[in-house]
Structures are given as C-alpha cells and as structure tokens.
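> What shape does this take:
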Amino acid sequence: MGAFSVALTGLRAQNAALSTIGNNLANMNTTAYKLQNTTFADLFYQQTGSSGSGDAIQQGLGVRVSGTATDFSQGAITTTSDSSDLALEGNGFFVVNNNGTQLLTRAGDFQLSSNGTLESTDGYQVMGYAMSNGTVNSGGTLSAIQLPTGVTEPASATKNVTMTMNLNASSSTGTTFTSTVSLYDSLGNSHTATATFTKTGTNQWSYDVALPAGDATGSSNTSGTLTFDSNGNLTSPTNGVAGIAFTGMTDGASDLSFDWKMTDSAGNSLVSQSATTSAVSATTQDGYTSGSYTGFTIDAQGTVAATFSNGQTKAIASVAVAMVSDEQALTRSGNNCYQSTLASGQAVIGLASSGGRGAIEDEALESSNVDISTEFSDLIVAQRAFEANSKTVTTLDTVMQDTIGLIR
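Numbering: from 1, shown residues only. Below you'll find the model as predicted:
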C-alpha cells in the first residue's frame, strides 16, 4: 500500500504543476502578469535496514510541492493612446489602496473615476504624494491622486515681460521702431501693449509703453531711456524696468503692473544695439486667461501634471513606487495585486526613477511575461510525469491482482 501512496503524491504534485501552467496560459494576456513555476521536493525517507557495511537502506515516500516561484522579469512595454495607462520600466510596484489595505501592483491600466480619482480597473485608489508649488514631499503621507476634473484655472495677470531685441545702431536720430506684446489683466482679458523706441542720440534710445486708447485711464513709469556702450551692450537700465503700471482698467480689472526684464536667468542681456535692422526675435510674458481642465500627463519621475485649455499646466501629485526586499515572499491577492508580508519586508515607498526604482512610461502598459512556447513544453513534461505516475498505480494494481490470484 505504501507504493500506492508514493504514486499518489506524484499525481498530486504533477496536478499542481498542470494547474500552475494552466493558470499561466490563462493569464498570458493579463496586464503585467508574472508567470509562476512549480517547484518540488522529495518527501522524508524511512530506513528499512542497513547493508553489510552499515550503510542505511532508505526508501523514499514520494514527492511534494515545495513552492511556486514567481518570475518577476520585465514584460514587454506596449504603447496605448490613454494617458491614464502607465508602465514601470524597471523595478518596483505601483501602490494602490483597497478600503485601507495597501496593495502593490505592476498593472498600470488605470482609469479616472467620476470624481477625478485615479483608480485601478477594480476601483483601488492609486496612491502618490501631493505637490505644493511644484515640489514633492516624498517623505510625506501617501494620498489618493486626485485630478482637478471640472475645475477652472483662474486667470493670472502679467507680472513679467521680456523682449529679445536689437536696435539698429546705424539709425539716424529720431528714427522710431515699434513692437507689441500681449498682456493679461486680473480678469484674464488680453491687451496689446505697444513699445515705441526712438533714437535720441549716439548709443541712446528712449522707450514708451502704451495700451490701446480706452483700455486704462492712467499710467506710470511707462517711459525711459536705454543706454548702450560702444560695443552695443546695454548699460542702463542693467536688469530692466520694474513697476510699469496701467491704472483704472476700464474692463473692471485691477491695475496692471509688471516688470520688464532685460536679462535672462543667466544674467545675459536680452537687449542689444548693433548695425543691423531693428527687430524683436522673441517676447514672453507670464500672464494668462482662465482655462478649464482638459487632461493630464505623467512623466518618467511620476509627476502628474494637469493641463488646462489656456495652455497652462499644474503639477498636482507624483505617483508613488514601492520596493520590497524579497519579491518572492509577496502574497498574491488577486486582481493583479500583491501584498507585503513579514518575509517580503515592509514596502519602501518613494519616487519613480530614484533609489533603484523604475521609470514610469505614460500611455503604455506592461504585458504578461508568459512565453507560450515554454509553457507548452512544460505542459508536455508535466503531462508525461502525470501519466508515468498513473502507470505506477496501474502496475501496482496488476501486481496486487496477481497476488490475490495466488490463493485461488
């Protein structure tokens, strides 16, 4: 009867292997599914005697399933057209919350809920770090990523203006040159400001900034003088003009006051004078009208930036990425999720592309890492092993029938 039990352990073990392979094949199209392999171990041995030299005669008692090892190798990354689809290129897991239970997943087929929360297809909230003034507090508390759906970004009045320009040094005194720049007031209304430059002497130009007639009832600090050295470098004002103001805006907006910056962030002058045609090559200003939420993007570091119809973007959160000490010790909880255990170690959560964590790819998904050809080969091996153990049972049955027949 012991031989029957040995064969039975083989049948059970190979049945487990067949189930594992079948599960791999069933999930070959599951987003970010990680295949599993069944491992075996022989059962303890009984000593039935000893040889003449004293060596123990041992007889095995069969086989058992020792575990299922998960292959966490990277699956292929495929592009999609949905900004809520994310893929991790490298190590780590997305962090999701299921009614207070923290889960880990590689599947980034996320979606927006009706209230703007980024969620998994099973309704688990995608977790991240809130951003303030473009800065992420990676040591802060995790929270659900909330997109500003239905929100209108308020208008912002122009506060800074730049004009990258050259004034013709060979122009005669009294020559004028004009350029325009669009400004926004506190209500988001656009005003076309005209800057008029007049050559008043050698290496010297006057300027005057004006709004269209009827846009404002007063102004201050709107005119002055630009002075250049013999090499055409601006010597005065060196950095620009602060506090150009238009008061009494007729559309009801607050007074429009801005600074005219004449150097870039590196301190290089944006205004020069040389013997070429006067021209403005670029203008910038930081005001904008109001705009409604239109969508979002996510970069490789996981920064979630909401976009608005006025062309503005606002960083609102950063997607959290977790790592564990032993991935093999994670518990599968279904729905493409894992849960950390004492053996796996506590999830260490941080930002993508940092601390060994992978980078995030937007509009992309990770495919299953199941190789169908390998699984079919393993399926044949497991099938043959099952058949061999079945043959052991039938052989033992035949032997017992023969033994019983001896007493007839």
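> Residue 292: neighbouring residues, count only.
Counted with other CB atoms under 10 Å, the neighbours of residue 292 add up to 13. All C-beta spots, glycine's among them, are computed from the backbone N, C-alpha and C.
> make that residue 88, sorry
If you count neighbours by other CB under 10 Å, residue 88 ends up with 27.
> Check it and give its pLDDT.
Per-residue pLDDT puts residue 88 at 97.
> Double-check that it belongs to a strand.
Yes - counting by DSSP: H, G, I helix; E, B strand; the rest coil, residue 88 is found in a strand.
> OK, contacts around it?
94, 106, 108, 321, 352, 358-361, 366 (CB atoms under 8 Å, 6 or more residues apart in numbering).
> now the residue nearest to the spatial centre of the chain: how far from residue 89?
Centroid check for the chain by CA atoms, centre = their mean gives residue 302 as the closest residue, at 3.2 Å. Plainly put, residue 302 is 12 Å away from residue 89 if you go by CB to CB, to the nearest Å.
> that older thread, okay, and which of the contacts of residue 88 map to helices?
The helices, defined by DSSP state H, take in nothing from the contacts of residue 88.
> Low-confidence ranges, the stretch 51-200 of the chain, go.
The stretch 51-200 of the chain contains residues with pLDDT under 70 at 51-54, 56-58, 60, 137-139.
> Residue 103 against residue 123, yeah?
No - checked against CB atoms under 8 Å, the pair residue 103 and residue 123 is beyond contact range at 11.9 Å.
> Residue 193 bridge partners, please.
Counting by DSSP bridges, residue 193 is bridged to residue 181.
> what sits against it?
So residue 193 contacts 180-183, 209-211 (CB under 8 Å, 6+ apart).
> which residues touch the closest residue to residue 67 other than its chain neighbours?
Sequence neighbours aside, residue 39 is the residue nearest to residue 67 in space, at 5.0 Å (criterion: CB to CB, 6 or more residues apart in numbering). Going by CB under 8 Å, 6+ apart, residue 39 touches 65-69.
> and the spatially closest residue to residue 274 that is not a sequence neighbour, how far is that from residue 169?
Spatial nearest neighbour of residue 274, chain neighbours left out: residue 232 (4.8 Å); criterion: CB to CB, 6+ apart. Distance, residue 232 to residue 169, by CB to CB: 6 Å.
> can you check residue 72 too?
To residue 169, residue 72 is 67 Å away according to CB to CB.
> nearest spatial neighbour of residue 313, skipping sequence neighbours?
What sits nearest to residue 313 in space, not counting adjacent residues and going by CB to CB, 6+ apart, is residue 305, at 4.6 Å.
> Next, count neighbours for residue 381.
Neighbours of residue 381 (other CB under 10 Å): 13.
> List the buried residues of stretch 333-341.
Using 16 or more other CB atoms under 10 Å as the burial criterion, the residues of stretch 333-341 that qualify are 336-338, 340.
> follow-up on the earlier one: what about dumping the CA coordinates of the strand or helix carrying the residue nearest to residue 67 to PDB?
Per DSSP states H and E, residue 39 falls inside strand 36-42. Extracted as PDB, the C-alpha positions of strand 36-42 are listed here (Å, rounded to 0.1, in the frame of the first residue of the first chain):
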ATOM      1  CA  GLN A  36       4.800  31.100 -11.900                       C
ATOM      2  CA  ASN A  37       6.800  27.900 -11.800                       C
ATOM      3  CA  THR A  38       6.000  24.900  -9.500                       C
ATOM      4  CA  THR A  39       8.900  23.500  -7.600                       C
ATOM      5  CA  PHE A  40       9.100  20.100  -6.000                       C
ATOM      6  CA  ALA A  41      10.900  18.400  -3.100                       C
ATOM      7  CA  ASP A  42      11.200  14.700  -2.200                       C
END
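> Dihedrals phi and psi, residue 144?
Backbone torsions of residue 144, given as degrees, to the nearest 10, read phi -70, psi 140.
> Who is it paired with across the strands?
With DSSP bridges as the criterion, residue 144 is bridged to residue 127.
> that's a strand at residue 282, yeah?
Yes - judged by three-state DSSP, residue 282 forms part of a strand.
> got the contact list for the closest residue to it other than its chain neighbours?
Excluding the flanking residues, the one nearest residue 282 by CB to CB, 6+ apart is residue 164, at 4.3 Å. When the contact criterion is CB under 8 Å, 6+ apart, the partners of residue 164 are 270-271, 280-283.
> Same check on residue 283?
161-164, 179, 181.
> Among those residues, which one lies nearest to residue 346?
residue 162 (49.8 Å; CB to CB).
> and the gap between residue 388 and residue 382?
Taking CB to CB, one finds residue 388 at 11 Å from residue 382.
> just residue 178 next, same as before
Applying CB to CB, the value for residue 178 to residue 382 is 83 Å.
> The two: which is more packed in?
residue 382 (21 against 13).
> what are the phi and psi values for the more buried one?
Torsion angles, degrees, to the nearest 10, at residue 382: phi -60, psi -40.
> For the stretch 301-408 of the chain, which segments are assigned as helices?
With helices called from DSSP state H, counting those that start in this stretch, the stretch 301-408 of the chain shows them at 372-405.
> looking at this, residue 161 is in a strand?
Yes - applying three-state DSSP, one finds residue 161 inside a strand.
> which one is it nearest to, not counting chain neighbours?
Residue 161 sits nearest to residue 285 (CB to CB, 6+ apart), 4.7 Å away.
> so the one you found touches residue 190, yeah?
No - counting by CB under 8 Å, residue 285 does not reach residue 190; the two are 10.2 Å apart.
> got any residues that touch both of those two?
182-184.
> Just the buried subset of these, written out for ChimeraX, thanks.
Applied in ChimeraX, the following selects the buried portion of those according to 16+ other CB under 10 Å:
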select :183,184
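> out of the shared contacts of residue 285 and residue 190, who's nearest residue 23?
residue 184 (59.0 Å).
> All set, thanks.
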